[in-house]
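Undergrad: no sequence on this one, just coordinates:
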C-alpha cells in the first residue's frame, strides 16, 4: 500500500474491483491501528512485571463475570448493569480464557474498539476522507489513556463504545428503518452495560431533536423535510430505547436505577476534574484548532452535507449535554446531594467524541496546510514526509499525558492474597451448607480508604458461587471483633466506608461463627489472631474460631495474569471473534455503497453489542455462559446475523 493510496479520499461510489481493493486497504489500516492501540495499553504489564490487573475495579469485574457464568444474573448486585458480566462470561467460555487473564486482554482491547467506532462516526458525520479517519482513530486511542476510562471505568468504556456505534449506525445505515432498529439494539446493549450513562445520551438525543426542530423552520423545502425526518428518527430511537431498557430494568432485572455500590465522595470531584483537565489540555488545544475547518465542512452545501446533517447535530448535542452535565456537577453538590454528579465523567464524555473528532479535523487541516506550503518549496516526496511528521507529532503530543497517567496507574490486587483467599475458600467449602463465616481484614491498604471493598471483592473472586451469601467481612482487629465492638481507624472516609460491614456482621457474633484471618490482607490482624489462640491452618491463613479442617489444602501456584506473547495472540483472536460475530449484522445494516471506513470499523463493536444481547437473553432463559452455553450462544448469534444478511441482500435488491 503506497502513501498516495492512504492519503486519497474514498469516493462515494466506485467500481466493484476498486471497492474491493479499498476495503482490503482499510482492513489492513484498521488492523494495524487496533494492534497499536492494544499494545500501547497492554505493554504496561510486562514493562512493570505486573502479575495482576491494574486498578481498583478489576476484582469487581472478575468476580461478577465468574459468578454470572456459573449462576446467572440476579444475586449480589449482578442485576445492576450486567452487560459486562454476561459478555465477559461468554467471551471467556468461547476463547477458553480465564476471567482474570481475560480482563487484562478485554479491558485493553476496548480502547481500540472505541477508537474504531469514533473513526467511523467522524467519517460519516464530518469528512469522508481516509486520512482523517485514520488520524481520528489514532488520536482517540492516544487520548483515552489520559481519561479514567482505561483501567478504571470499564463498564463506562463499554457503554460509550456501544453508544458511539449506535450513533454511527443511525447516520450511516442504508435504510432509515434498519438504522433505527440497529441503533436501538446497540443502545439497549449500552444501557445494560451502564444505564446511568445512557441517560446522558438520552439527553443528547433530546437536544438533537430540538436542533432538528429549529432546522425545520428553514425556508428551503428539502432542508425542512430532512430536519423533520431526522427529528422523527431520533425521537423514535430515544423513546424505543428508554421503553425497552425500562422494561428490562424494572420487570426483568428488578434492579434500581442508581447502581453505584460505593457512595461517591463529592469532595473528590473538583480535584479529579482539575487533574483530568491537566491531562487533556493537549487534546483540547487540537480540538480548538479543529473548530474552524469543522464549521466550514458543516456549512458546505450539496448532497454530501445532506448526509452529514444528522451526524453534525448529534455531535453538537453530545457536546452540549456533556458541558451542561459538567457545569451541573461542579455546582450541584453545593446546592443539594441529589445533584452530586461527577463533573470529570462529563469531561471524559466531551473528550471521547466531540473532542477527538474536532482534534482529528484540526490535525488534518494542519497537515493539509503544511503540505501545500512544503510542496511549493521542497517538492512531492519531501512535502509528503514532512506533512506526515505533523500527524505523528500531534499524536505524540496527545499521547504523552496518557503514557504518564497509565504507566503510573497502580496494581492493587496481589497474587499472594488471592492464593491465600483460595485456601480460605477451600476451608469454607468444608463447612455445613449455609454456615455464615467472618473474614478479618485490615481496613487500610493499597486502596487507601477503600481497602475493605477491594479485599471483599478479592475474597469473592475465590469463593464458590454457593458460598457467596455466607461471607461477612470485618475490617478491624480480632480483639474488637471478639469484644463485639467496631474498630475505628481515625479516618472519617474509612469509617464511613466500613460502616456497612459492621452493620452486616454484628448480628452474627452471638452465634460464634467461624472467623478467618488472611495474612496478605492484614498482617497485624493475622498476628493478633495467632496471639489470641488461633490456629494457622495453612500458609497465611489463620482460624480464630470454628471447626478445624479435617483435610489438607491444595498447594496450587498463585494466580498469575502476566502478559506474554500468548496474551497478545489472545487479544487478536478475541478481536477476530468480535469481528466475525458482527460481520453478518454489519453487512445487513450497511449497503454496498457504504464506505469500508464505516462498516469495517464498526463490525467488532456491532459484534460486541449483539453478543452482549444474546448472552443476556440466553442467561435469562436459563442457559449458563460458563459451560457449553457460551459457544452455543456465540454460534447462534453469528449464524443468525449471516442468515439475516443473505436474506436482506434480496430485500435490498
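TA: Right, received. Where do you want to start? Source: prediction; values computed, not measured. Numbering: from 1, shown residues only.
Undergrad: Was I right to think residue 288 contacts residue 361?
TA: No: counting by C-beta atoms under 8 Å, residue 288 does not reach residue 361; the two are 10.9 Å apart. To be clear about C-beta, it is placed using only N, CA and C from the backbone, and glycine gets the same treatment.
Undergrad: of those two, who's got more company?
TA: Shown here are residue 288 and residue 361; by other C-beta atoms under 10 Å, residue 361 has more neighbours (28 against 13).
Undergrad: Not counting its neighbours along the chain, what's nearest that one?
TA: Leaving aside its sequence neighbours, residue 361 sits nearest to residue 290 (C-beta to C-beta, 6 or more residues apart in numbering; 3.7 Å).
Undergrad: Over to residue 604?
TA: residue 578 (4.0 Å).
Undergrad: Report whether residue 474 is found in a strand, as I expect.
TA: Yes: looking at residue 474 with DSSP: H, G, I helix; E, B strand; the rest coil, it is inside a strand.
Undergrad: residue contacts, it?
TA: Shown in contact with residue 474 (C-beta atoms under 8 Å, 6 or more residues apart in numbering): 438, 439, 440, 441, 481, 501, 502, 505, 515.
Undergrad: Please repeat the previous calculation with a cut-off of 10 Å.
TA: If a contact means C-beta atoms under 10 Å, 6 or more residues apart in numbering, then residue 474 has 438-441, 443, 452, 480-481, 486-487, 498, 501-502, 504-506, 508-509, 515, 517, 525 as its contacts.
Undergrad: can you check residue 413 too?
TA: If you count contacts by C-beta under 10 Å, 6+ apart, residue 413 has them with 50-56, 58-59, 62, 100, 446-447, 454-455, 457-458, 461, 559, 561.
Undergrad: Derive a PyMOL selection command for the buried subset of the residues you listed.
TA: What follows is the PyMOL syntax selecting those of the contacts of residue 413 that are buried according to 16 or more other C-beta atoms under 10 Å:
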select buried, resi 50+51+52+53+54+55+56+58+59+62+100+447+454+455+457+458+461+559+561
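Undergrad: Would you agree residue 452 is in contact with residue 493?
TA: No: contact between residue 452 and residue 493 fails when scored by C-beta atoms under 10 Å: they sit 11.4 Å apart.
Undergrad: Those two: which is more packed in?
TA: Neighbour comparison, residue 452 and residue 493: the larger count goes to residue 452, with 24 against 15 (by other C-beta under 10 Å).
Undergrad: Might you report the residue contacts of that one?
TA: When contacts are counted by C-beta under 10 Å, 6+ apart, residue 452 is found next to 441-445, 473-476, 494, 497-498, 500-501, 521.
Undergrad: returning to that earlier point: now, the contacts of residue 474 that are in strands?
TA: Using DSSP state E, 438, 439, 440, 441, 515, 517 are the members of the contacts of residue 474 that sit in strands.
Undergrad: Would you agree the third one is in contact with residue 480?
TA: Yes: with contact taken as C-beta under 10 Å, residue 440 and residue 480 are classed as touching, separated by 9.5 Å.
Undergrad: Can you give the domain ranges for the protein?
TA: Using automatic domain parsing, the domain ranges for the chain come out as 3-42+79-258+276-408+563-652, 415-545.
Undergrad: Can I get those domains in CSV including distance to residue 70 and mean pLDDT?
TA: CSV is the format used below for the domains of the chain (distance: least, C-beta to C-beta, whole Å; pLDDT from 0 to 100):
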stretch, distance to residue 70, mean pLDDT
domain 3-42+79-258+276-408+563-652, 5, 86
domain 415-545, 5, 92
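Undergrad: what about the longest helix in this structure?
TA: With secondary structure taken from DSSP state H, the chain has its longest helix at helix 303-335.
Undergrad: What residues of the host helix or strand of the residue nearest to residue 604 count as buried?
TA: Following DSSP states H and E, one finds residue 578 within helix 565-589. In terms of neighbour count (16+ other C-beta under 10 Å), helix 565-589 has its buried residues at 567-568, 570-571, 574-575, 577-589.
Undergrad: do stretch 529-545 as well
TA: Buried residues in stretch 529-545 (16+ other C-beta under 10 Å): 529, 532, 534, 537, 538, 540, 541, 542, 543, 544, 545.
Undergrad: With secondary structure and distance to residue 125 added, can I get those residues in TSV?
TA: Shown next, in TSV, are these (DSSP: H, G, I helix; E, B strand; the rest coil; distance: C-beta to C-beta, whole Å):
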residue	secondary structure	distance to residue 125
529	helix	61
532	coil	66
534	coil	64
537	strand	62
538	strand	59
540	coil	55
541	strand	57
542	strand	60
543	strand	62
544	strand	62
545	strand	64
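Undergrad: tell me the SS of the closest residue to residue 194 other than its chain neighbours?
TA: Distances taken as C-beta to C-beta, 6+ apart put residue 159 closest to residue 194, at 4.0 Å, once the chain neighbours are dropped. Assigned state for residue 159: helix (three-state reduction, three-state DSSP).
Undergrad: distance of residue 159 from residue 146?
TA: 19 Å (C-beta to C-beta, to the nearest Å).
Undergrad: before we move on, back to that, residues near the residue nearest to residue 361, how many?
TA: Residue 290 sits with 24 neighbouring residues when counted by other C-beta under 10 Å.
Undergrad: now do residue 511
TA: Residues near residue 511, counting by other C-beta under 10 Å, number 8.
Undergrad: Report the contact partners of it.
TA: 435, 436.
Undergrad: And the strands in the stretch 201-350 of the chain?
TA: Applying DSSP state E, counting those that start in this stretch to the stretch 201-350 of the chain gives no strands.
Undergrad: now the helices: where do they sit in it?
TA: Taking DSSP state H, counting those that start in this stretch as the test, the helices found in the stretch 201-350 of the chain are 221-247, 269-298, 303-335, 343-350.
Undergrad: Which parts of the third one count as buried, going by neighbours?
TA: It stands for helix 303-335. 308-322, 325-326, 328-329, 332-333.
Undergrad: Backbone dihedrals for residue 55, please?
TA: phi 100, psi 170 (degrees, to the nearest 10).
Undergrad: I figured it hits residue 61, correct?
TA: Yes: under the criterion of C-beta under 10 Å, residue 55 makes contact with residue 61 at 9.3 Å.
Undergrad: shared neighbours of those two, which are they?
TA: Listed as contacting both residue 55 and residue 61 by C-beta under 10 Å, 6+ apart are 103, 107, 154.
Undergrad: show me the contacts for the first one.
TA: By C-beta under 10 Å, 6+ apart, residue 103 lies in contact with 52-55, 57-59, 61-62, 65, 84, 88, 92, 97, 154, 561.
Undergrad: 8 Å - rerun?
TA: 53, 58, 61, 62, 65, 88, 561.
Undergrad: can you check the second one too?
TA: Neighbouring residues of residue 107 by C-beta under 8 Å, 6+ apart: 53, 58, 61, 150, 151, 154, 157.
Undergrad: Among those residues, name the ones in helices.
TA: Among the contacts of residue 107, the members falling in helices (DSSP H) are 58, 61, 154, 157.
Undergrad: Could you export these as TSV, including distance to residue 240?
TA: Converted to TSV, those look like this (distance: C-beta to C-beta, whole Å):
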residue	distance to residue 240
58	34
61	29
154	27
157	24
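Undergrad: With respect to residue 139, which of the helices of the stretch 201-350 of the chain lies nearest?
TA: Proximity to residue 139 (C-beta to C-beta) singles out helix 269-298 among the helices of the stretch 201-350 of the chain, at 7.4 Å.
Undergrad: Flag every buried residue along the one helix or strand residue 607 maps to.
TA: Using DSSP H and E, residue 607 sits in helix 596-620. Neighbour counts over helix 596-620 (16+ other C-beta under 10 Å) mark 596-616, 618-620 as buried.
Undergrad: One more: stretch 450-470?
TA: Judged by neighbour count (16+ other C-beta under 10 Å), stretch 450-470 contains these buried residues: 450-463, 465, 467-468, 470.
Undergrad: ok, for residue 509, nearest residue in space, not its chain neighbours?
TA: Closest residue in space to residue 509, ignoring its immediate chain neighbours: residue 484 at 5.2 Å, by C-beta to C-beta, 6+ apart.
Undergrad: Look at that neighbour and give its secondary structure.
TA: coil.
Undergrad: Fine by me, we can end here.
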